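> what follows is a predicted structure for the sequence shown.
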Amino acid sequence: MKGVREKVAARGLERRFGHLLAVAGVSFEVYEGEVFGLLGPNGAGKTTLVRMLSGVLTPTHGDATVDGASVVREPEQVKARIGYATQEASVYPFLTVRENLEFRAAMYLEGPAAREAVEDALARFGLGGVAGRRAGELSGGWRQRLSIAQAVVHRPRVAFLDEPTTGLDPLARRAVWDLVYAEAARGMSALVTTHYMDEAERCHRVGLIYRGRLVALGTPQALKEQVRARYRFYRIPAGEPGTWRGRPGVVDAWQRGGQTRIVLEPDAPAPPEATPEDPTMEDVFVLKIREEDAHALV
Ligand SMILES: Nc1ncnc2c1ncn2[C@@H]1O[C@H](COP(=O)(O)OP(=O)(O)OP(=O)(O)O)[C@@H](O)[C@H]1O
């Protein structure tokens, strides 16, 4: 269950690369046992933010505490306390599953404690049956399972998982989420980056990052309520989205399975053939980004 203690507290985190402001003053918390989703389009700044929170990239401004340690003043402490599964494969293909886990456990633990951690991770992640297989022979889903097992083999209280399900089929993705929730149930806090809208729905809370700024933050339900308060959503049995776009009061229109989905301004009259619908996380994503772009043009 979600606790109340902050395990991650970012305060005005900023990172510049030359003239590029990759992360622009981001503040938020992740609580004990919480699964926090960081959502955003390509290049939004998710990985840069996670790298700062992991103590591997120094912020150009601001600070964050992660399991009590400051990423600016105590980055080594942060690295020792967290689990981090990067986007790049951190699994060694020529080592077996067990050897990969042993290698990672040895970075944090010694002797019997390391051996125990490896056995425990094999069991928790259902990897016992493939312990002797070379990691390079595993399917994508199993390799990702190993990658997460490695990241949390030392039982950190905070884990950063950067796009853990990219490229996996729906069943493998579901398995990864079950494992993340099993760790969270033991009290671990997880910050998970994703592009997938259905995955955002699985998180306790979601932060939407765009052009380096946190443009929305809340439970999936609360974010959907925010857009419901500002727009209206309809489905039209047939039709061509292009004929709706640009009409007065129409915010957006797109094709969906032979039907047209339209988003209207609150005071625009609904067409007679339209059926009201609930907003989705995709609506949140598209509309929040559209609002940001509109502000940027002003
Ligand atoms: N080391 C670096 N030097 C220069 N620019 C960088 C560096 N790392 C990231 N950037 C830039 O910072 C911006 C944010 O990149 P980042 O990788 O954090 O985005 P992202 O949201 O993780 O994207 P994706 O979803 O594609 O992984 C991009 O414009 C990227 O080109």
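Right, received. Where do you want to start?
> please count neighbours and contacts with C-alpha atoms only from this point.
Noted.
> got a list of contacts for stretch 76-92?
Stretch 76-92 is contacted from outside by 54-56, 66-67, 69-71, 100, 108, 135-136, 143, 146-148, 150-152, 154-164, using CA atoms under 8 Å, 6 or more residues apart in numbering.
> nope, stretch 157-176 is what I meant
7-8, 47, 50, 54, 66-67, 81-87, 140-142, 144-145, 148, 151-152, 187-195.
> show only the entries of those found in strands.
Within those, residues falling in strands by DSSP state E are 7-8, 66, 82-85, 189-194.
> nearest to residue 22 among those?
Set against residue 22, the nearest of the ones in strands among the contacts of stretch 157-176 by CA to CA is residue 193 (15.9 Å).
> give the contact list for that closest one.
37-39, 46, 161-164.
> filter those residues down to the ones close to the ligand.
Among the contacts of residue 193, the ones lying near the ligand by CA under 6 Å from any ligand atom are residue 46.
> among the contacts of residue 193, which ones are in strands?
37-39, 161-162.
> make JSON lines from these and add neighbour count, pLDDT and distance to residue 179 to it.
Shown next, in JSON lines, are the ones in strands among the contacts of residue 193 (neighbours: other CA atoms under 10 Å; pLDDT from 0 to 100; distance: CA to CA, whole Å):
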{"residue": "37", "neighbour count": "28", "pLDDT": "97", "distance to residue 179": "15"}
{"residue": "38", "neighbour count": "26", "pLDDT": "96", "distance to residue 179": "18"}
{"residue": "39", "neighbour count": "27", "pLDDT": "94", "distance to residue 179": "20"}
{"residue": "161", "neighbour count": "25", "pLDDT": "94", "distance to residue 179": "12"}
{"residue": "162", "neighbour count": "21", "pLDDT": "90", "distance to residue 179": "15"}
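> could you break this structure into its assigned domains?
6-219, 223-296 (the TED database).
> circling back: of the contacts of stretch 76-92, select the buried ones using a PyMOL command.
Applied in PyMOL, the following selects the buried portion of those according to 16 or more other CA atoms under 10 Å:
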select buried, resi 54+55+56+66+67+69+70+71+100+135+143+146+147+148+150+151+152+154+155+156+157+158+159+160+161+162+163+164
